[in-house]
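Novice: structure for this input, please:
(one chain, ligands or ions: 1)
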Amino acid sequence: MKLSVAGWDDLRKFEMLWEEYLEENHKAGDIMLPTKANLKSFRQIASAYVESPELGFVLLAEEKKIPVGVLMWGALPSLGFETTLGKTANGWGTYVRPEWRGKGLSSELREQARVLLKAIGINTLMGSVLPGNLPAEGSVDSLGFERGAQVVIWRL
Ligand SMILES: CC(C)(COP(=O)(O)OP(=O)(O)OC[C@H]1O[C@@H](n2cnc3c(N)ncnc32)[C@H](O)[C@@H]1OP(=O)(O)O)[C@@H](O)C(=O)NCCC(=O)NCCS
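Specialist: Here you go, the predicted structure:
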């Protein structure tokens with residue numbers, strides 16, 4: 001298994017896996033729609049990280065040149081408010097193709113990504129997990145993620 005930070009030539013692989021990720025998460029109840037427009041926005045964030053690696057990165061896992069896992073972590077492309085958390089990055093997501101699950105790949109990706117984030121001066125990562133997504137909950141718990149503020153949704 002080869003883990004590497006994505007460059008310009010890898011954006012197509014990113015997009016292919018991210019599309020699968022958005023579709024699966026949406027089916028599981030996530031509010032993010034797996035639309036072309038959303039995919040394009042995520043591709044823009046990935047491109048910003050390729051262009052400015054000090055902001056974040058896409059990490060790809062490939063087996064015999066076939067992409068099997070992806071993670072994207074980095075700064076939010078917005079004004080950075082100051083909080084008690086210090087320099088914080090957003091965990092946009094981690095996805096492992098079904099046939100590669102349960103083999104420690106997401107832990108491997110996240111451990112490598114943790115080292116990369118620290119190297120660009122970020123000391124906290126924030127993300128969200130859909131309640132009831134047991135693999136996602138299990139995988140963040142096993143790494144020692146803490147439960148933070150809960151998202152509340154009011155359908156008006
Ligand atoms: C969540 C996901 C990334 C986990 O990837 P993975 O490579 O299978 O996870 P790993 O094999 O590295 O397992 C990591 C930990 O998660 C736990 N875990 C994995 N699958 C689990 C499951 N079905 N139920 C409960 N815990 C589970 C493992 O026990 C392991 O903990 P351990 O190291 O203490 O034994 C993968 O299931 C996935 O891509 N799901 C769809 C996308 C998604 O939900 N992403 C998460 C967004 S936060």
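Novice: quickly list what the residue nearest the centre of the chain is bridged to.
Specialist: Nearest residue to the geometric centre of the chain (Cα atoms, centre = their mean): residue 93, 2.3 Å. Following DSSP bridges, residue 93 is listed with bridge partners residue 72.
Novice: so what's it up against?
Specialist: Contacts of residue 93 were listed using Cβ atoms under 8 Å, 6 or more residues apart in numbering, and they are 18, 21, 25, 70-72, 127. No exception for glycine: its C-beta is placed from N, CA and C like everyone else's.
Novice: over to residue 96: give its phi and psi.
Specialist: When read as degrees, to the nearest 10, the backbone of residue 96 gives phi -120, psi 130.
Novice: which residues of the chain score low on pLDDT?
Specialist: 77-80 (pLDDT under 70).
Novice: which single residue of it ends up nearest the ligand?
Specialist: residue 138 (2.2 Å; Cβ to the nearest ligand atom).
Novice: whichever strand or helix holds that residue - contacts with which helices or strands?
Specialist: If you go by DSSP states H and E, residue 138 is part of helix 134-143. Judged by 3 or more Cβ pairs under 8 Å, 6 or more residues apart in numbering; DSSP states H and E, helix 134-143 is in contact with helix 105-119.
Novice: now for the helix it packs on, which elements pack on it?
Specialist: For helix 105-119, the packing partners by 3+ Cβ pairs under 8 Å, 6+ apart are strand 2-5, strand 56-63, strand 66-74, strand 88-96, helix 134-143.
Novice: tell me the strands beside the shortest one, with direction?
Specialist: Strand 2-5 has the following sheet partners, assigned by DSSP bridges: strand 56-63 (antiparallel).
Novice: just the C-alpha atoms of the strand it pairs with, please, in CSV.
Specialist: Output of strand 56-63 as CSV, limited to C-alpha atoms (Å, rounded to 0.1, in the frame of the first residue of the first chain):
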residue,chain,number,x,y,z
GLY,A,56,-3.7,21.4,3.9
PHE,A,57,-3.6,18.3,1.8
VAL,A,58,-5.3,15.3,0.2
LEU,A,59,-3.7,12.0,1.1
LEU,A,60,-4.3,9.1,-1.2
ALA,A,61,-3.8,5.4,-0.6
GLU,A,62,-3.1,3.3,-3.7
GLU,A,63,-2.7,-0.5,-4.1
